[in-house]
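Enquirer: Quick one, fold the following:
(2 chains)
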Amino acid sequence: MKKYICSVCGYIYDEASGYPEGNIPPGTVWADVPSSFVCPLCGASKAEFNENENEKAKPAVSSTSDSHASLPEDISYTAAELSALFSNLAKGCEKQYDSEMADLYKELAAYYNLKSEKINKPDFESLKSLLQNDLSTHFAMANDVAAGQHDRGALRALKWAEKVSLMIRSLLNKVESGKADFLKEKNVYVCDICGFIYVGDEKPEICPVCKVPGMKMTQVGRSA
Amino acid sequence: MHAVRNIRLCTKDCLCLYVCPTGATDTETGQIDAQKCLSGCRLCVDACPSHAISLVPEEYPAQQETSGDVKKALGILSKSKTEQEIAAYEIEEAAETPRAKQLAKAIGMSNRIMAEDLLREAGFMLPQSGEVLKLLNSLVESETSEDFPAAAAEKLIQKLRKINASMKEKTMSKTTDNLLEAFAGEAQANRKYLAFSRKAEQEGHLNAAKLFRAAADAETIHALKHFEVAGKIGSTIENLKSGVEGETHEYKEMYPPFVEQAEAEGNNAAVRTFTFAMKAEEVHAGLYQEAMDTLDNQEEVFYYLCPVCGNIEKVVPGKCPICGVSGEKFIKY
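Expert: Numbers count the residues shown, from 1 in each chain, chains lettered A, B, ... in the order given. The predicted structure is shown next:
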């Protein structure tokens, strides 16, 4: 009997115990688990599970990729990045209860938001290819660099973003395979802290990725 | 450090109203009045049953340095995440079904949060940091668009300049403190080794005596350098003033209670050495004052030092008025 671990949230599927709550009796081997199975904790699809062998030592995304993108020569920020940079600083000011400074940063964030370059008619497919590029190359490289510098803060942010990215890919895969119905009668929540997207009936008690209490997850409404 | 209340956590048990000595917690908006709040008092913080009140500092420490390579690597991802944010919102706009719109919107929100977090770790955590100030300055310089909120940027730059100047001053003064502490230590070591050297000489250990003397001189070199770097050496008139202040403090404030304590403890040797010093410092203060007043006087003056109590006279006395030693023992300067 083997164990399989969810690469997004760390939930472990144990073949010996199955998942009786989801009508998967004990002793069900992984291959026999239906492909519609989703992680009971975070909602990631079956494809996001890996065999639980030294899983802890292995990053969710293999860093074995040889095609490391090279670091840019200079640090420069696009308008879209500046917008995120300033909205991040505005959040920082709110944490310090400084609403005056928060408003000033928000003004800058709004300006750079308008300045951001638009993308020519994107669809879920082109979005997925951008995401795939992160997952196959960018995260591995950034993890290597941050580990080399023993930058724990950067490693933490990368780990969260990587898991959130895996979750988004899992959602986009469902859209691609025509299972867009998976959103039917489900609610969608986004974690304010790490960006994790949860699709389910009720928001989880804590965010499966960053472990913040569920009250910090925002429900995304569905407009008619 | 003033108290702030997180309204989302507040369960309105209102113990903060009972314990606050200034009434700062009693406001209609639920925000604690920072003007009335006593810095660091924390009575409300400890009393609050819902842990909704915390203390917020007025100034934050400098942030951990982020290496340039980490910034670049995180930058690749924050660029990519913001591109995906834009793409997702455009998909939302164009999508035909409510479900596709909903998913695209969630992905847009998620990417913004990821980009923010990555940028935070790429050196932009503290909204008041020097790093942010540098960025704002460079943006203001390069921005030409009329829509650019120049007033907001300028206001932030002013605020950040002020905060960063005060932070820098604080770090500087810490080093000045360290220099003065090192100066005190080295100066003490110099006198200690001279005392040890004399002892070694008396015991006939001439090599040890020599080593102690050399080491004492070495500590003098350190002490003088530390003192100089700390910026404590002024013009002669300033230094004389500093001399008057130091000696006056010693004979008026420092030694009198020392003498009293030594008398109470019956330590006669201590009473004697403290009293000699106290009386001599008073003379020194007077001489410094006189030198200040006659600094431009070109006529040469001689000083005579009592080798027993440290008294200084301008005319050799028959015997020292402080310790009574014969005037013949005085050393001429």
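Enquirer: What segments of chain A are helices?
Expert: Remark: helices assigned in chain A by DSSP state H are A:79-95, A:99-115, A:124-133, A:139-148, A:152-176.
Enquirer: helices or strands next to the last one in the packing?
Expert: Secondary-structure packing of helix A:152-176 (3 or more C-beta pairs under 8 Å, 6 or more residues apart in numbering or on different chains; DSSP states H and E): helix A:124-133, helix A:139-148, strand A:197-200, helix B:68-94, helix B:98-121. C-beta here means a position set from N, CA and C on the backbone, and glycine is covered the same way.
Enquirer: Return the set of buried residues in the second one.
Expert: Counting neighbours by 16 or more other C-beta atoms under 10 Å in any protein chain shown, one finds that the buried residues in helix A:139-148 are A:139-143, A:145-147.
Enquirer: Kindly report the same for the longest one.
Expert: The neighbour-count check on helix B:68-94 (16+ other C-beta under 10 Å) flags B:69-92 as buried.
Enquirer: Format the helices of chain A as JSON lines; extra columns: mean pLDDT.
Expert: Formatted as JSON lines, the helices of chain A follow (pLDDT from 0 to 100):
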{"stretch": "helix A:79-95", "mean pLDDT": "96"}
{"stretch": "helix A:99-115", "mean pLDDT": "95"}
{"stretch": "helix A:124-133", "mean pLDDT": "93"}
{"stretch": "helix A:139-148", "mean pLDDT": "93"}
{"stretch": "helix A:152-176", "mean pLDDT": "92"}
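Enquirer: Can you say which of these is nearest to B:Ile237?
Expert: helix A:99-115 (46.6 Å; C-beta to C-beta).
Enquirer: which residues are contacting stretch B:69-76?
Expert: For stretch B:69-76, contacts defined as C-beta atoms under 8 Å, 6 or more residues apart in numbering or on different chains pick out A:69, A:71-72, A:75-77, A:81, A:138, A:141-142, A:145-146, A:148-149, A:151, A:154, A:157-158, B:118-119, B:121-123.
Enquirer: Stretch B:270-278 now?
Expert: Stretch B:270-278 has contacts (C-beta under 8 Å, 6+ apart) with B:250-251, B:255-256, B:258-259, B:262-263, B:308-311, B:322-323.
Enquirer: Just give me the closest of those residues to B:Lys159.
Expert: Nearest to B:Lys159 among those: B:Glu250, at 45.1 Å, using C-beta to C-beta.
Enquirer: Out of the contacts of stretch B:270-278, which is nearest to A:Phe124?
Expert: B:Glu250 (81.8 Å).
Enquirer: Verify the stated contact: that closest one with B:Glu281.
Expert: Yes - taking contacts as C-beta atoms under 8 Å, B:Glu250 lies within contact range of B:Glu281: 4.5 Å.
Enquirer: Spit out the contact partners of residue 89.
Expert: Just so you know, I chose chain A. Applying C-beta under 8 Å, 6+ apart to A:Leu89 gives the contacts A:105, B:124, B:127, B:132.
Enquirer: Please refer instead to chain B.
Expert: Contacts of B:Tyr89 (C-beta under 8 Å, 6+ apart): B:104-105, B:108.
Enquirer: Let's see that with 7 Å instead.
Expert: B:Gly108 (C-beta atoms under 7 Å, 6 or more residues apart in numbering or on different chains).
Enquirer: Look up how far A:Leu85 lies from it.
Expert: Between B:Tyr89 and A:Leu85 the computed distance is 18 Å (C-beta to C-beta, to the nearest Å).
Enquirer: returning to what we had before: just the buried subset of the contacts of stretch B:270-278, please.
Expert: Buried by 16+ other C-beta under 10 Å: B:250-251, B:255, B:258-259, B:262, B:308-311, B:322-323, out of those.
Enquirer: List just the nearest of these to chain A.
Expert: In terms of C-beta to the nearest C-beta, no member of the buried ones among the contacts of stretch B:270-278 lies closer to chain A than B:Glu250, at 46.4 Å.
Enquirer: what about the closest residue to chain A within the stretch 151-300 of chain B, how many neighbours?
Expert: Residue nearest to chain A within the stretch 151-300 of chain B (C-beta to the nearest C-beta): B:Ala152, separated by 4.3 Å. Neighbourhood size, B:Ala152 [other C-beta atoms under 10 Å in any protein chain shown]: 20.
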